[in-house]
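From the sequence below, what's the structure:
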Amino acid sequence: MSTASYFSNKDTIVAVATAAGRGAIAVIRLSGPQAIIIAQSVFRGKDLRQQATHTIHFGTIRDGARLVDEVLISLFLAPHSYTKENVVEISCHGSDYIVQEIIKLLLKNGARLAQAGEFTKRAFLNGQFDLAQAEAVADLIAADSAKSHEVALKQMRGGFSAEIKALRGQLIHFASLIELELDFGEEDVAFADRSALENLIHELQRLIRNLLQSFALGNVIKNGVPTVIVGKPNAGKSTLLNVLLNEEKAIVSEIPGTTRDFIEDEISLEGITFRFIDTAGLRETQDKVEAIGVERSRQKIEEAALIIYLFDVNELSPAELGSELQALNTSGKPVLAVANKVDLARNLEPAAYETVVPVLYIAAADKVGIETLKQKLISTVNQGNLNTGSSTIVTNLRHYASLEQTNQALDAVLQGLAQGISGDFLAADIRRALYALGEITGEITTDDLLENIFSKFCIGK
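I've put the predicted structure just below:
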């Protein structure tokens, strides 16, 4: 589907901008050249065509003589609106019936239903912001923790885009010099200082590597940390989950094997979302249902970013703990060894466990040591890098892939410089790097790329 068929700037589009479901109010958004005229055709109150931008007006929506609702209408005149077009927002009562009746009236008077993400797509195409900022709008809407909100807001305001544009600008300077050399090819003139270009490439790669390395952290901030609680049956995994979530999420029983499938929920700790997964106890069992649960537990270990190995300090010796951890096969993922039921411990010897692995000591049922465990979870994920400050963090897989492509193209430039290849080959590799960087901010786009990005937005945005 081409961009032209996906939408036309000549159309005036309409959609509900508030979440589906009954509420006190709903907001219906119009955008396009006829937005004010179409709204005026169903509105009884002040003449909207004579009003200033960023004003609100009370009146009624009517279908002929029939009263549909009392509303407030907000006006945003081009170019001083989200889309840089005329925008009208109708705040009506939140009845689904009222919303649908108003939208039907607007459609009858010349509007059409908006596609997913079409308001933001118009904002991008009209130069309100670049593509990376547009994608950050969706991230901001989806943000469910303080850190994900912080990063999305920073990217929406152009922090990431500014860094990418600075990198691209430096490359464009050298690309233009090399292209100039090609114009004077017969005269064997060198405008681009090769050593300066090499130094620039090394500096750009250093910055790009930092951005690429930030993606692991960005993914954690955006999607949360999948944290699996594993251990033998009756170690207290379900009790720990309930305490961490501060609710009775999992069934707690002294009978081993009570949890036969995984139970999942999430909390936010200092702005980071942790998705805790309580799994079936790891043991050999003849019970077919429990065996399926154990297998699923091992699958969750594979998918986890962080593992809590919980054990009953009264049931597992230091040597057995070492064997259990070795058998987990965690592929280098961070594992927190947590000793539970220390309140019931007989002759507890922490030093013996410490010779195997660092251990945290808790009594989950009495909430002893839980705050220490939470701080350890945060520090394990944090590793001193979570306070973003002014640094840029990559959270988008598309951006990560484009940065990888840029880095590969720059590698080719360095290889070409080392081999002394001609300027036309250097220019080709530099153009490849510029193309990949341009895809991030939307300076280089395709119809398919735009459709893929904006189709994931909600309809009213």
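
contacts and neighbour counts: CA atoms only from here.
Noted.

Strands of the stretch 351-461 of the chain, residue ranges please.
In the stretch 351-461 of the chain, the strands defined using DSSP state E, counting those that start in this stretch lie at 359-361.

Can you pull out the low-pLDDT segments for it?
Along the stretch 351-461 of the chain, the parts satisfying pLDDT under 70 run over 382-391.

and if we set it to 80?
381-392, 422-424, 444-446, 448-449, 461 (pLDDT under 80).

got the residue ranges for the helices in it?
370-382, 397-419, 423-441, 447-454 (DSSP state H, counting those that start in this stretch).

now do the stretch 1-150 of the chain
Taking DSSP H, counting those that start in this stretch as the criterion, the stretch 1-150 of the chain carries its helices at 3-6, 35-42, 96-108, 118-125, 131-142, 146-156.

now the angle between helix 96-108 and the second one, please.
Computed by axes from the mean of the first three to the mean of the last three CA atoms, to 10 degrees, the angle separating helix 35-42 from helix 96-108 equals 120 degrees.

For helix 35-42, buried residues please.
Under the neighbour-count criterion of 16 or more other CA atoms under 10 Å, helix 35-42 has 35-42 buried.

just the residues you listed now: which is nearest L348?
For L348, the nearest member of the buried residues of helix 35-42 is A35. The distance, counting by CA to CA, is 73.9 Å.

Tell me where the model's unsure across the stretch 201-350 of the chain.
In the prediction, the stretch 201-350 of the chain carries residues with pLDDT under 80 at positions 216-217, 219-223, 247-264, 271, 278-304, 327-333, 346-348.

residue boundaries of the strands in it?
Assigned strands in the stretch 201-350 of the chain, in chain order: 225-230, 263-269, 272-278, 306-312, 335-340 (criterion: DSSP E, counting those that start in this stretch).

right, and those strands - which one's nearest F119?
Closest of the strands of the stretch 201-350 of the chain to F119 is strand 272-278, at 29.5 Å (criterion: CA to CA).

Distance to R112 and pLDDT for the buried residues of helix 35-42 - can I get that in JSON lines?
Conversion of the buried residues of helix 35-42 to JSON lines gives the following (distance: CA to CA, whole Å; pLDDT from 0 to 100):
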{"residue": "A35", "distance to R112": "11", "pLDDT": "97"}
{"residue": "I36", "distance to R112": "14", "pLDDT": "97"}
{"residue": "I37", "distance to R112": "14", "pLDDT": "97"}
{"residue": "I38", "distance to R112": "11", "pLDDT": "97"}
{"residue": "A39", "distance to R112": "13", "pLDDT": "97"}
{"residue": "Q40", "distance to R112": "16", "pLDDT": "97"}
{"residue": "S41", "distance to R112": "15", "pLDDT": "96"}
{"residue": "V42", "distance to R112": "15", "pLDDT": "96"}
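
Using CSV, lay out those together with distance to P79.
As requested, these are arranged in CSV below (distance: CA to CA, whole Å):
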residue, distance to P79
A35, 13
I36, 14
I37, 17
I38, 18
A39, 18
Q40, 19
S41, 22
V42, 24
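
between these, which is nearest L403?
A35 (39.6 Å).

Surely the closest one touches N86?
Yes: counting by CA atoms under 8 Å, N86 is a contact partner of A35 at 6.0 Å.

list the buried ones in stretch 44-62?
Within stretch 44-62, the residues that qualify as buried are 44, 48, 53, 56-57, 60-62, counting by 16+ other CA under 10 Å.

Show me this protein divided up by domain.
When the chain is parsed with automatic domain parsing, its domains come out as 3-128, 137-219+392-442, 227-362.

Now G23: closest residue in space, sequence neighbours ignored.
G94 (4.7 Å; CA to CA, 6 or more residues apart in numbering).

Check the spacing between that neighbour and E70 real quick.
With the distance defined as CA to CA, to the nearest Å, G94 ends up 12 Å from E70.

repeat for R275
Using CA to CA, we find R275 at a distance of 44 Å from E70.

Who has more neighbours out of the two?
The residue with more neighbours, out of R275 and E70, is R275; 20 against 16, by other CA atoms under 10 Å.

For the nearest residue to the more buried one once chain neighbours are set aside, give me its contacts.
Using CA to CA, 6+ apart and skipping the chain neighbours, the partner closest in space to R275 is E266 (4.2 Å). By CA atoms under 8 Å, 6 or more residues apart in numbering, E266 lies in contact with 245, 273-276.

quick one: R431 and A175 touch, right?
Yes: shown here, R431 and A175 form a contact pair, counting by CA under 8 Å, at 7.4 Å.

and these two? which has more neighbours close in?
The residue with the greater number of neighbours, taking R431 and A175 and applying other CA under 10 Å, is A175; the counts read 22 against 18.

where's the more buried one relative to R168, distance?
In this structure, A175 and R168 are separated by 10 Å, where distance is defined by CA to CA.

what does A352 give?
Summarising the geometry, the distance separating A352 from R168, computed by CA to CA, is 56 Å.

ditto for D312
Going from D312 to R168 by CA to CA gives 56 Å.

still on that earlier bit, for the helices of the stretch 1-150 of the chain, give me CSV that also has distance to P233.
Listed next are the helices of the stretch 1-150 of the chain as CSV, based on distance: least, CA to CA, whole Å:
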stretch, distance to P233
helix 3-6, 55
helix 35-42, 63
helix 96-108, 49
helix 118-125, 51
helix 131-142, 37
helix 146-156, 35
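
Where among these is average confidence lowest?
Per-stretch averages of pLDDT across the helices of the stretch 1-150 of the chain put helix 3-6 at the bottom, with a mean of 42.

one step back: minimum distance to T372: which of the helices of the stretch 1-150 of the chain has it?
With CA to CA as the criterion, T372 lies closest to helix 146-156 of those, at 21.1 Å.

Okay, buried residues for the closest one please.
Going by neighbour count (16+ other CA under 10 Å), the buried part of helix 146-156 is 147-156.

Would you mind getting the angle between that helix and strand 272-278?
Between the axes of helix 146-156 and strand 272-278, defined by the same axes, to 10 degrees, the angle is 140 degrees.

Next, the angle helix 397-419 makes with the helix or strand that comes right after helix 146-156.
Using DSSP states H and E, the helix or strand that follows helix 146-156 in sequence is helix 159-183. With the same axes, to 10 degrees as the criterion, the two stretches helix 159-183 and helix 397-419 enclose an angle of 30 degrees.

More neighbours: A352 and R168, which one.
Between A352 and R168, counting by other CA under 10 Å, R168 is the more crowded of the two (18 against 12).

For the closest residue to C458 other than its chain neighbours, the count of nearby residues, please.
Closest residue to C458 in three dimensions, ignoring its sequence neighbours and counting by CA to CA, 6+ apart: A116, at 5.4 Å. Residue neighbour count, defined by other CA under 10 Å, stands at 19 for A116.

And for L72?
Neighbouring residues of L72 were enumerated by other CA under 10 Å; the total is 18.
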